[in-house]
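Asks: quick one, what's the 3D model for this:
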Amino acid sequence: MRMKKEKYKGLLQRINTKLGILKCVIYALLLIAQVWYIVLTVLRLQTRSPWVLTITPYVAVAVSLYIYSRQSNSSFRIMWILLISAFPILGVCLYLLAGRQSATKRIGERFNESEEKNLEYLPEDRAALEKFQAENKDHYGQAYYLSHYARAPLYDDSRVIYINDALLGYKQQVEDAGNAKRFIFLEYLQIENDECFAELKSVLIQKASEGVCIRIIYDDIGSIAFLNKRFMLDMKKYGIECRVFNPLAPVFKVFMNNRDHRKIMVVDGNIGYSGGYNITREYFHLTEPFGHWKDTAVRITGEAVDSLTAFFLSMWDTIGAEEVNPSWFFLPVHSKDSSIQNMYIQPYADDPLDDERVGFEVYMNILRGAKEYVYFSTPYLVITDEFKEELVSAKKRGVDVRIIIPGIPDKRLIYHVTRSYARELVLAGVSVYRYNIGFNHAKMCLCDDFVTVVSSVNLDYRSLYHHFENGTVIYDGMFAKTVSDDFDDMFSASSNITKDDLRKTGLMESALEAFWRLFAPLL
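Replies: Presented below is the predicted three-dimensional model:
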């Protein structure tokens, strides 16, 4: 009987997955149809009204000049100007529909209001900053930037534990959730409602029955193959509230391109998780379509968890009714760990609705200040010219610059672009490694045996410019040593891409990579 029940659940999950994919395809076709209808309307006007035909080139030039004058990334400007030059009507229509940052102004204002309200509960970090400045002048600039421009306080009284495998982190999450007394928050791009989520789901249901407040945020497109409205209704029956970020709609809107890529869990305001993994099968090695799936995270305890609580509540308020009394979720007094010595941490968040690219600046600041070495781990390498130049500049200063990318790709198109950027960096002297045993999904940075970043931020345009992201900067030598050991293990499982390897790339393949790089800002 039990086997039949499990078989039925598996069949139902496969049906839901196929329905989710079908929904994406149908909506994509509807969006294409809308754009095509607008283009056809303009073309029809050109045949009936000669003045429309006359002004079209001038409109295209005016829009191109506007794009050129904007204070935005050069790659975005080049992509849109080339598209408008080649296809004036289509290019202008697409830009007006999807390229204007101002089109998300209303959503941005709502998010900023919610963020301001919740960030008020975070502590002043003046004393910690002054202490850090006296002890670590070389890295004070990063701490100052995050504190003043990202509203991310510096903490010197919290502990961080490194998690080098998603499955180990998940097991600890289940245990911590089982000890919850007040509330549990979950915010993930992807949650797969099958055996990988079953253990945690069971604990959440039990805790909800005990009166613990349980809240879940998941991204609609990220989880569309796994979750639907039935999941929300089922959770609601158990007293668990769910909210969907940016639901997919068959109507063209700019904000659809912005997704919630954050990975956050908070338990009782005193334990928090942040990192690179979602709650789906491949992360926990239940299936291995791309070989060994490498991912990492951190477990935070102490006052620094307040930052994760604020990040979650800001998103919760933005996509639903505002929290009446958020102060209940911030502990007035946190448990102190007397063993903590000289460990500083800064959890931070980034959103695409303002002009502050926090994830980008965190990595750039590290590169600018690197003296001995800087290591990156990323699943995708689709970077801006500014970032590429900073990597090469660090190498020219004598810094050992290394980047680990996957050996087995999960998305073929993006992997072609990743290899294109890897080729440029290798030719410039930067060391790029392929993780031979599988897919490297970890998003990390390690610098000079002291600064570590563990985050949800990929080295690609989507993470750096389009997505809601979060991460943690840790300033501590002992923690850096632990992460360094893990990097060494990853390097030993990887192969260094050489210039001889690059010569094996065919002309057709190189041309294809160059073509797709034109659209890198959208990837």
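Asks: domains in this structure, by residue range?
Replies: Following automatic domain parsing, one gets these domains for the chain: 2-99, 105-147+159-340, 358-522.
Asks: burial check on the residue nearest to residue 164 when sequence neighbours are not counted, number of neighbours?
Replies: Nearest residue to residue 164, sequence neighbours excluded (CB to CB, 6 or more residues apart in numbering): residue 486, at 4.8 Å. Every residue, glycine included, has its C-beta placed from N, CA and C. For residue 486, the neighbour count with other CB atoms under 10 Å is 19.
Asks: ok, now residue 357?
Replies: What residue 357 shows, counting by other CB under 10 Å, is a neighbour count of 17.
Asks: how about it, what does it touch?
Replies: 350, 464, 465 (CB atoms under 8 Å, 6 or more residues apart in numbering).
Asks: now do the same for the closest residue to residue 261 other than its chain neighbours: its pLDDT.
Replies: Nearest non-adjacent residue to residue 261, counting by CB to CB, 6+ apart: residue 467, 3.9 Å away. The model reports residue 467 with a pLDDT of 91.
Asks: what of residue 56?
Replies: 77.
Asks: got the contact list for the residue nearest to it when sequence neighbours are not counted?
Replies: Of all residues not flanking residue 56 in the chain, residue 88 sits nearest, at 5.9 Å (CB to CB, 6+ apart). For residue 88, the contact set (CB under 8 Å, 6+ apart) comprises 56, 57, 59, 60.
Asks: please identify the buried residues of whichever strand or helix holds the first one?
Replies: Read that as residue 56. Here residue 56, judged by DSSP states H and E, is contained in helix 50-69. By 16 or more other CB atoms under 10 Å, the buried positions in helix 50-69 come out as 56, 60, 63, 64, 67.
Asks: between those residues, which sits nearest residue 319?
Replies: residue 67 (30.2 Å; CB to CB).
Asks: picking up where we left off before, can you lay out the buried residues of helix 50-69 as TSV showing distance to residue 406?
Replies: Putting the buried residues of helix 50-69 into TSV (distance: CB to CB, whole Å) gives the following:
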residue	distance to residue 406
56	44
60	39
63	38
64	36
67	33
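Asks: can you pull the pLDDT of the closest residue to residue 493 other than its chain neighbours?
Replies: Nearest in space to residue 493, with sequence neighbours left out and distances taken as CB to CB, 6+ apart, is residue 437 at 5.0 Å. With respect to pLDDT, residue 437 scores 96.
Asks: check contacts around residue 437.
Replies: 291, 292, 407, 493 are the contacts of residue 437 under CB under 8 Å, 6+ apart.
Asks: just to revisit the earlier point, tell me how far the helix holding residue 56 is from the chain's mean position?
Replies: Offset of helix 50-69 from its chain centre (CA atoms, centre = their mean, to the nearest Å): 35 Å.
Asks: all strands of the stretch 201-350 of the chain, in order?
Replies: Using DSSP state E, counting those that start in this stretch, the strands of the stretch 201-350 of the chain run over 213-219, 241-245, 264-267, 271-275, 292-294, 297-301, 344-350.
Asks: what would those look like in TSV with mean neighbour count and mean pLDDT?
Replies: As requested, the strands of the stretch 201-350 of the chain are exported to TSV (neighbours: other CB atoms under 10 Å; pLDDT from 0 to 100):
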stretch	mean neighbour count	mean pLDDT
strand 213-219	22	96
strand 241-245	20	93
strand 264-267	26	98
strand 271-275	26	97
strand 292-294	24	96
strand 297-301	24	97
strand 344-350	27	96
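Asks: now residue 120: how far from residue 312?
Replies: The span separating residue 120 from residue 312 equals 15 Å under the rule CB to CB, to the nearest Å.
Asks: neighbour-wise, which of those two wins?
Replies: residue 312 (24 against 12).
Asks: residue 266 is in contact with residue 312, correct?
Replies: Yes - applying CB atoms under 8 Å, one finds residue 312 in contact with residue 266, separated by 6.1 Å.
Asks: intersection of neighbour lists for those two?
Replies: Joint contacts of residue 312 and residue 266 (CB under 8 Å, 6+ apart) are residue 185.
Asks: which residues in the stretch 251-400 of the chain form helices?
Replies: Per DSSP state H, counting those that start in this stretch, the stretch 251-400 of the chain carries helices over the ranges 305-318, 358-369, 385-396.
Asks: go through those and name the closest to residue 433.
Replies: helix 385-396 (14.0 Å).
Asks: got the angle between the closest one and helix 358-369?
Replies: 20 degrees (axes from the mean of the first three to the mean of the last three CA atoms, to 10 degrees).
Asks: then the next helix or strand after helix 385-396 to CSV, C-alphas only?
Replies: Remark: after helix 385-396, the chain's next helix or strand is strand 400-406, criterion DSSP H and E. What follows is strand 400-406, C-alpha atoms only, in CSV (Å, rounded to 0.1, in the frame of the first residue of the first chain):
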residue,chain,number,x,y,z
ASP,A,400,47.1,34.9,-7.8
VAL,A,401,43.6,35.2,-9.4
ARG,A,402,41.7,31.9,-9.8
ILE,A,403,38.1,31.1,-10.9
ILE,A,404,36.4,27.8,-10.7
ILE,A,405,33.6,27.1,-13.2
PRO,A,406,31.5,23.9,-13.8
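Asks: pull the helix or strand with minimum mean pLDDT from the protein.
Replies: helix 2-48 (a mean of 63; mean pLDDT, DSSP states H and E).
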